[in-house]
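Asker: 3D, please:
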Amino acid sequence: MSLQEITQIIMEFIKNHQVWALPIIFLLAFGESLAIVSLLIPATAILLGTGALIGADLIPFIPTLLAASAGAIVGDWVSYWLGKHYHEKIINSWPLNKHPKTVYRAEQFFHRYGLMGVFIGRFFGPLRAVVPLIAGAMHMPNLKFNIANVTSAPVWAFVMLAPGAFGVQWLETLFG
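Answerer: Numbers count the residues shown, from 1 in each chain. Coordinates of the predicted model:
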């Protein structure tokens with residue numbers, strides 16, 4: 001089964017079972033932000049598609065934004081915790097050992113930008129779940145990490161949901 005087919009199945013499920021939308025959005029954002037798992041699931045495409053469901057008034061914007069934000073915060077926090085407690089062991093394990101360039105780029109990114117690196121790292125696909133892991137492995141103080149994590153998650157969730165949520169309505173008013 002292709003990623004496109006999986007995305008379509010999940011989007012159709014959310015559309016037909018709206019009561020499950022928020023827990024699914026939470027889990028997708030959690031998985032998208034969790035080290036290793038984020039490499040295996042098509043969460044970005046589904047979250048972008050979820051915005052279209054918001055734009056079609058099938059699911060509400062604010063609760064969806066909060067669910068995506070909370071999932072992203074928890075996913076980053078778990079990645080940070082894993083890095084802090086398992087250091088090099090986790091970075092040298094599968095599947096991260098298969099992506100040494102991504103890990104190296106995350107380390108360089110973190111060294112260069114520190115707290116802002118954690119904030120900014122959320123917006124770059126392959127780095128999204130690796131940066132918190134590296135921040136933990138490099139013993140970034142909890143408070144600094146949490147500030148970056150909690151402030152970046154709602155911005156990231158908005159960026160994921162807004163194109164579909166507002167783009168359709170905006171285009172209708174523009175070309176209506």
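Asker: where do the strands sit along the protein?
Answerer: In the chain, no strands are defined using DSSP state E.
Asker: can you tell me which helix in it is longest?
Answerer: helix 142-175 (DSSP state H).
Asker: Against which helices or strands is it packed?
Answerer: Contact partners of helix 142-175 among helices and strands, from 3 or more C-beta pairs under 8 Å, 6 or more residues apart in numbering; DSSP states H and E: helix 21-33, helix 43-55, helix 61-91, helix 100-121, helix 130-137. (Each C-beta comes from the backbone N, C-alpha and C, glycine too.)
Asker: Which of those helices has the highest mean neighbour count?
Answerer: helix 130-137 (a mean of 28; mean count of other C-beta atoms under 10 Å).
Asker: Any regions of the chain where pLDDT drops low?
Answerer: 36, 38-40, 42, 95, 168-176 (pLDDT under 70).
Asker: if we go to 50?
Answerer: The model of the chain has pLDDT under 50 over residues 171, 174-176.
Asker: picking up where we left off before, so which bits of the longest helix of the chain are buried?
Answerer: Of the residues in helix 142-175, 145-146, 148-149, 152-154, 156-158, 160-162, 164-165 count as buried by neighbour count, 16 or more other C-beta atoms under 10 Å.
Asker: Of those, which is the nearest to residue 113?
Answerer: Nearest to residue 113 among those: residue 148, at 9.9 Å, using C-beta to C-beta.
Asker: correct me, but that closest one touches residue 118?
Answerer: Yes: taking contacts as C-beta atoms under 8 Å, residue 148 lies within contact range of residue 118: 3.7 Å.
Asker: For the helices and strands packed on helix 142-175, give me CSV that also has distance to residue 3.
Answerer: Below are the helices and strands packed on helix 142-175 laid out as CSV (distance: least, C-beta to C-beta, whole Å):
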stretch, distance to residue 3
helix 21-33, 13
helix 43-55, 7
helix 61-91, 19
helix 100-121, 19
helix 130-137, 20
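Asker: Identify whichever of those lies nearest to residue 11.
Answerer: The nearest among these, by C-beta to C-beta, is helix 43-55 at 4.8 Å.
Asker: got the contact list for the residue lying closest to residue 63 once chain neighbours are set aside?
Answerer: Using C-beta to C-beta, 6 or more residues apart in numbering and skipping residues adjacent in sequence, the residue nearest residue 63 is residue 22, 5.8 Å away. Counting by C-beta atoms under 8 Å, 6 or more residues apart in numbering, residue 22 touches 59, 63-64, 67.
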